[in-house]
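Visitor: Attaching a predicted model along with its sequence, questions to come.
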Amino acid sequence: MFKINTNLIEREMKYDNTVVLKYHIEYPSIVIPNNRNGERKFNTYNEKLALALQKKSENELYKESVELYKYNKSNNYPIMVYDIYRNYNVTFNSKALVSLYFDEYIFSGGANGNTTRTSQTWDFNYNYMLQVYEFFYKNPYFLIDILKKINNQISINSNNYFPDSCNLVLETFNPLNYYLTPQGIAIYFQQYDIAPHSSGIPTFIV
């Protein structure tokens with residue numbers, strides 16, 4: 001098990017002496033004794049992702065938040081603050097494998113904010129990120145098996161999903177959207193892909 005530290009970038013940004021945007025961006029850094037190359041790759045990669053979101057927040061999203069502020073103020077609407085919140089969760093950390101997912105929440109006005117999930121699975125024996133197919137190299141039909149297992153789990157609580165969820169699973173399945181857990185491989189879908197917003201991010205262990 002490797003030590004993983006949390007780094008934080010946060011700020012409140014104002015316009016017209018009013019906070020119109022705030023961001024909270026967490027990102028991990030890892031300590032790997034006797035593997036400086038793997039440590040550097042992981043830390044550099046994740047720092048770049050965090051800085052890219054910071055740049056997006058301070059430029060593109062800040063401009064949007066100012067426009068929203070001006071519009072709401074001129075129409076006597078409540079002032080809404082853009083909120084960007086990114087955190088991560090380590091789901092597996094054993095035998096040179098580290099898996100984690102990131103939830104990036106952005107509220108930009110309206111009824112609900114939107115959360116996007118991304119994930120990484122690293123093999124520090126070789127210092128690279130694993131693709132999901134690498135866990136099924138003996139099964140050429142692994143994708144069919146995964147989709148069957150997901151649809152079987154959906155059928156247990158089908159009311160939580162859109163009526164055409166079987167077709168939507170096929171259309172929106174993304175092999176990058178996975179992470180490891182002690183119970184197995186977790187496959188997830190983004191909000192609204194196969195279920196309403198109230199269902200959150202649908203996740204299936206296969």
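Guide: That came through fine.
Visitor: CA only for contacts and neighbour counts going forward, please
Guide: Will do.
Visitor: before we move on, what SS does A52 have?
Guide: Following DSSP: H, G, I helix; E, B strand; the rest coil, we place A52 in the helix state.
Visitor: From I25, how far out is it?
Guide: 10 Å (C-alpha to C-alpha, to the nearest Å).
Visitor: and these two? which has more neighbours close in?
Guide: Counted by other C-alpha atoms under 10 Å, A52 and I25 do not tie: I25 has more neighbours, with 20 against 12.
Visitor: In a strand, that one, correct?
Guide: Yes: counting by three-state DSSP, one finds I25 located in a strand.
Visitor: So it versus K138, what's the distance?
Guide: Taking C-alpha to C-alpha as the measure, I25 and K138 are separated by 39 Å.
Visitor: Equivalent analysis for L147, please.
Guide: Applying C-alpha to C-alpha to L147 and K138 gives a distance of 17 Å.
Visitor: Looking at the two, which is more packed in?
Guide: L147 (17 against 9).
Visitor: got the CA positions of stretch 31-49 in PDB?
Guide: Extracted C-alpha coordinates of stretch 31-49, given in PDB (Å, rounded to 0.1, in the frame of the first residue of the first chain):
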ATOM      1  CA  VAL A  31       4.800   8.400  -2.400                       C
ATOM      2  CA  ILE A  32       6.400   5.200  -3.900                       C
ATOM      3  CA  PRO A  33       9.700   4.200  -2.200                       C
ATOM      4  CA  ASN A  34      12.300   3.000  -4.800                       C
ATOM      5  CA  ASN A  35      10.100   4.000  -7.700                       C
ATOM      6  CA  ARG A  36      10.700   7.700  -8.400                       C
ATOM      7  CA  ASN A  37       9.700   7.300 -12.100                       C
ATOM      8  CA  GLY A  38       6.200   6.000 -11.300                       C
ATOM      9  CA  GLU A  39       5.800   8.500  -8.500                       C
ATOM     10  CA  ARG A  40       6.700  11.400 -10.800                       C
ATOM     11  CA  LYS A  41       4.400  10.200 -13.600                       C
ATOM     12  CA  PHE A  42       1.400   9.900 -11.300                       C
ATOM     13  CA  ASN A  43       2.000  13.200  -9.500                       C
ATOM     14  CA  THR A  44       2.700  15.200 -12.700                       C
ATOM     15  CA  TYR A  45      -0.300  13.800 -14.400                       C
ATOM     16  CA  ASN A  46      -2.700  14.600 -11.600                       C
ATOM     17  CA  GLU A  47      -1.200  18.000 -10.900                       C
ATOM     18  CA  LYS A  48      -1.700  18.900 -14.600                       C
ATOM     19  CA  LEU A  49      -5.400  17.900 -14.400                       C
END
